[in-house]
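J.: here is my input, please return the structure:
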Amino acid sequence: MSSRSVVGADARFIVLEGIDGCGKTSVALRLQDALSVVLPRRPFYTREPSDEVIRRMLLHEDDHRARLLLFMLDRVSHARRIRQALDDGHWVLCDRYLHSTLVYNPVPVLDGLLGDDGFYRLVRWFSGDLYPDLVLWLDCDVELALSRIRERGLREPMDDIGLLSEARRRYSELQGRLPGIVRVDASGSLDEVVSICLETIYERFGSGDGVQ
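T.: Got it, this is the predicted structure:
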């Protein structure tokens, strides 16, 4: 099923992806404000995991298989909410989606149970075959991402240059084999990154599709 048949002509599903510290959440919220000016409805902002209970459980869950199942369970209901927002005519901005699962939780692949393509089909199946119209991959150097993480002053699982490097490598691989992924240089200021994202959105969905 194509994303076009899922969301219709006027609604768009845009996902922001990237390693921790790349600025996804800040960029997504700024995009929501900017697009509200040019769209008839304020874009629907959401993120994964979408359920606060699931988010709290993940903080205390060290079993990678259990974490994967929690993410999949959350996405089943999350994809329904996204689809409803699209059906209602809202553009959707999603902070992480199925690509994060492929990057951070490839447990069946690492265990030899599934190949990359088989795991992708499984993850997409749990998503109700709802695939984004555009994926903005915010890519920056791992040292910069690490410095941003540490500036938060919080203990975070991805406060590790090796883990960040591996995640960045996997995102690069995804761009080569999955549709709709556009790399955005996220090393600049927030204003600069938002500007690049907006330009990409306007080029992709410009005149005639609701964004002028």
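
J.: wasn't residue 184 part of a helix?
T.: No: secondary structure of residue 184 (DSSP: H, G, I helix; E, B strand; the rest coil): strand, not part of a helix.

J.: for the residue nearest in space to the middle of the chain, which non-adjacent residue is closest in space?
T.: What sits nearest the mean C-alpha location of the chain, by CA atoms, centre = their mean, is residue 96, with 2.5 Å. Once flanking residues are discounted, residue 96 sits nearest to residue 48: 4.4 Å by CB to CB, 6 or more residues apart in numbering. C-betas here are computed from N, CA, C, even on glycine.

J.: for the residue nearest to the centre of the chain, phi and psi?
T.: Note on residue 96: its backbone torsions stand at phi 80, psi 150 [degrees, to the nearest 10].

J.: show me where pLDDT drops low in the protein?
T.: Within the chain, the stretches with pLDDT under 70 are 1-9, 59-60, 153-159, 207-212.

J.: just the helices in it please.
T.: Using DSSP state H, the helices of the chain run over 3-7, 24-36, 52-59, 64-87, 98-104, 107-110, 116-126, 142-151, 161-177, 190-205.

J.: can I get these in a markdown table with mean neighbour count and distance to residue 44?
T.: Below are these laid out as a markdown table (neighbours: other CB atoms under 10 Å; distance: least, CB to CB, whole Å):
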| stretch | mean neighbour count | distance to residue 44 |
| --- | --- | --- |
| helix 3-7 | 16 | 12 |
| helix 24-36 | 18 | 8 |
| helix 52-59 | 12 | 18 |
| helix 64-87 | 17 | 4 |
| helix 98-104 | 22 | 18 |
| helix 107-110 | 16 | 30 |
| helix 116-126 | 16 | 21 |
| helix 142-151 | 16 | 26 |
| helix 161-177 | 15 | 24 |
| helix 190-205 | 16 | 15 |
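
J.: output the ones you listed as TSV; include the columns distance to residue 134.
T.: Output for the helices of the chain, formatted as TSV (distance: least, CB to CB, whole Å):
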stretch	distance to residue 134
helix 3-7	9
helix 24-36	11
helix 52-59	25
helix 64-87	13
helix 98-104	12
helix 107-110	25
helix 116-126	16
helix 142-151	22
helix 161-177	13
helix 190-205	6
